[in-house]
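**Q** build me a structure from this.
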Amino acid sequence: MTNIRELAHHILKIALSCVYRESGIMNPTLPTILAIQTAGLSFDCIIGHYDTSPREVCQMVDNAYLEMLISVANSRENLF
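**A** Sure thing, here's the model as predicted:
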């Protein structure tokens, strides 16, 4: 498990160098939880669900809606 902690520290070091200042290791013991937090520029939208019966991911929106979401998310990048 030492490798997991070492990997978490390595990823955290990269995140902090990339201006993800609110990141950190939430639990230094097992299980190690690494949190990388952005500057609040998240974009959440439910687009599907996992059906356990046939064990598959089911899309809930059409491709035109997905393209619109991608366009909105990409345009938000240019605001900051």
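
**Q** all strands of this protein, in order?
**A** For the chain, applying DSSP state E gives strands covering 24-27, 33-35, 48-51, 56-59.

**Q** residues in contact with the last one?
**A** Applying Cβ atoms under 8 Å, 6 or more residues apart in numbering, the set of residues contacting strand 56-59 from outside is Ile47, Gly48, His49, Tyr50, Asp51. For every residue, glycine as well, the C-beta is placed using N, CA and C.

**Q** which of those residues sits closest to Leu7?
**A** Lowest distance from Leu7 to those (Cβ to Cβ) belongs to Tyr50, with 27.1 Å.

**Q** isn't Leu66 up against Ile47?
**A** Yes - in this structure Leu66 lies within contact range of Ile47 using Cβ atoms under 8 Å: 6.5 Å.

**Q** hang on, the earlier thing: just send the contacts of strand 56-59 back as a markdown table, with neighbour count, pLDDT and distance to Glu6 too.
**A** Shown next, in a markdown table, are the contacts of strand 56-59 (neighbours: other Cβ atoms under 10 Å; pLDDT from 0 to 100; distance: Cβ to Cβ, whole Å):
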| residue | neighbour count | pLDDT | distance to Glu6 |
| --- | --- | --- | --- |
| Ile47 | 12 | 86 | 35 |
| Gly48 | 12 | 86 | 35 |
| His49 | 11 | 86 | 36 |
| Tyr50 | 8 | 84 | 32 |
| Asp51 | 10 | 82 | 38 |
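
**Q** tell me which two of these sit farthest apart.
**A** Maximum distance among the contacts of strand 56-59 (Cβ to Cβ): 14.2 Å, for Ile47 and Asp51.

**Q** can you pull out the helices in the chain?
**A** Assigned by DSSP state H, the chain shows helices spanning 2-17, 63-77.

**Q** for Pro31, which of those helices is the nearest?
**A** Shortest separation from Pro31 across the helices of the chain is recorded for helix 2-17, at 8.4 Å, computed as Cβ to Cβ.
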